[in-house]
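> What would the 3D arrangement of this be:
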Amino acid sequence: MAQAEQKTKTTGLEDTMSRQGAVARGVQRLVDGAERLNLRYAADGNLPVYPTDAFPWAREVESEWRLIRAELDKVLVRKGDLPAFHEISSEVRSISSDQNWKTFFLCGYGIKSEEAIRQCPETWRILQKIPGLKSAMFSIFEPGKHLPPHRGPYNGVLRFHLGLVVPDQPDRIGIRVADQTCHWEEGKALIFDDAYEHEAWNHSDQVRVVLFVDFEKPLRFPASLTNKAVLNMAVFTPFVREGYKAHKAWERMFYGAGQKHR
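Just a heads-up that it's a prediction; the model follows:
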């Protein structure tokens, strides 16, 4: 009897794992198909790095960068308490596992940090200028940080960096996207496709901070519809759900501690 029960449990577990595997393969086929459509129906081509003027809203964001910088400066007062990126997002652990890439999260794929938005209301207002905004945060590279070559998981978004704190050492700070090496500048936008292989480094002795945003890649029909469907599914993925839980736990500690300090 015991052997029969054990066999039934084992069979049930195998069936569950098989179904989960089938779902995962189905989702991957959907994503692969969407990526092919995105390449075919890209409204502005499939460039590794885009000219800023291809996105008129980018100049509007640049024009208000000092307001964002002022709110960032207040966040950086407690830089030591900010989480490392891999502590919030498990998917980056393959490229970063130290304390030298920190983040201050505002929103991501349907999830918002109301506390962060309250702390940075001007930044949040300015972010609303970005069509198809999917995620936004402050990305902080400590001195010596180097992200190895990698690519994003999906080509349906483009990445926007706005330089906020950039040491004047272009020979020691930069980002390579495909075969193009770029350098951040304070108050200037950099827009690229993170689905291309890229790496980034801060080999200076000072901190570098950018406003880090993902937004929907401009696409023609029918890719525009399938891309929205794929991106809307992201909130249900383990990466996003686990990241949300990790961030909420960090927020309870950070803002709770902040209250005690007042």
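
> any idea which helix or strand comes after the helix or strand of the chain with the lowest mean pLDDT?
Every helix and strand in the chain was compared by mean pLDDT, DSSP states H and E; the lowest is helix 2-40, with a mean of 68. For helix 2-40, the following helix or strand on the C-terminal side (DSSP states H and E) is strand 49-50.

> tell me the SS of M253?
What DSSP: H, G, I helix; E, B strand; the rest coil gives for M253 is helix.

> Who are the contact partners of the nearest residue to H146 once chain neighbours are set aside?
Nearest non-adjacent residue to H146, counting by CB to CB, 6 or more residues apart in numbering: W201, 4.3 Å away. The C-beta positions use only the backbone N, C-alpha and C, and glycine is treated the same way. Contacts of W201 were listed using CB atoms under 8 Å, 6 or more residues apart in numbering, and they are F141, K145, H146, L147, R172, I173, G174, I175.

> Quick check: chain neighbours aside, which residue is closest to the second one?
Meaning K145. Spatially, and ignoring its direct neighbours in sequence, K145 is nearest to N100 (4.2 Å; CB to CB, 6+ apart).

> Just list the residues touching the one you found, thanks.
A84, F141, E142, P143, G144, K145.

> now that we have these, which one has the most neighbours?
Within the contacts of N100, neighbour counts (other CB atoms under 10 Å) peak at F141, which reaches 25 neighbours.

> A helix includes V240, no?
Yes - secondary structure assignment (three-state DSSP) places V240 inside a helix.

> show me what contacts it?
G108, Y109, G110, I111, A234.

> Quick check, the third one in contact with F236.
No - contact status for G110 versus F236: not in contact, 9.2 Å apart, counting by CB atoms under 8 Å.

> In terms of neighbours, single out the busier of these two.
Neighbours per residue (other CB under 10 Å) separate G110 from F236, with G110 holding more: 15 against 11.

> How much space separates that one from S135?
10 Å (CB to CB, to the nearest Å).

> V75 touches C120, doesn't it?
Yes - with contact defined as CB under 8 Å, V75 and C120 form a contacting pair (7.2 Å).

> Can you pick out the residue with more neighbours from those two?
For V75 versus C120, the count of surrounding residues by other CB under 10 Å is larger for C120: 24 against 18.

> Leaving out chain neighbours, which residue sits closest to the more buried one?
Distances taken as CB to CB, 6+ apart put E71 closest to C120, at 4.2 Å, once the chain neighbours are dropped.

> check contacts around the one you found.
Counted by CB under 8 Å, 6+ apart, E71 has contacts Q119, C120, P121, E122, T123.

> Tell me the buried residues in the helix or strand hosting it?
Using DSSP H and E, E71 sits within helix 65-76. Residues of helix 65-76 classed as buried: W65, I68, R69, E71, L72, V75, L76 (neighbour count, 16 or more other CB atoms under 10 Å).

> right, and the helix or strand after that helix?
helix 85-88.

> In terms of secondary structure, what does that next one contact?
strand 101-108, helix 238-261 (3 or more CB pairs under 8 Å, 6 or more residues apart in numbering; DSSP states H and E).

> nearest to C182, of the ones you listed?
strand 101-108 (18.2 Å; CB to CB).

> Which SSE is immediately downstream of that closest one?
strand 111-112.

> Name the surrounding residues that touch that next one.
Contacts for strand 111-112 (CB under 8 Å, 6+ apart): L106, V235, V240, Y244.

> where in this structure is pLDDT low?
Applying pLDDT under 70 to the chain flags residues 1-27, 257-262.

> What subset of the contacts of strand 111-112 is buried?
L106, V240, Y244.

> Which of those residues lies at the shortest distance from V92?
Comparing the buried ones among the contacts of strand 111-112 against V92 with CB to CB places V240 closest, at 13.0 Å.
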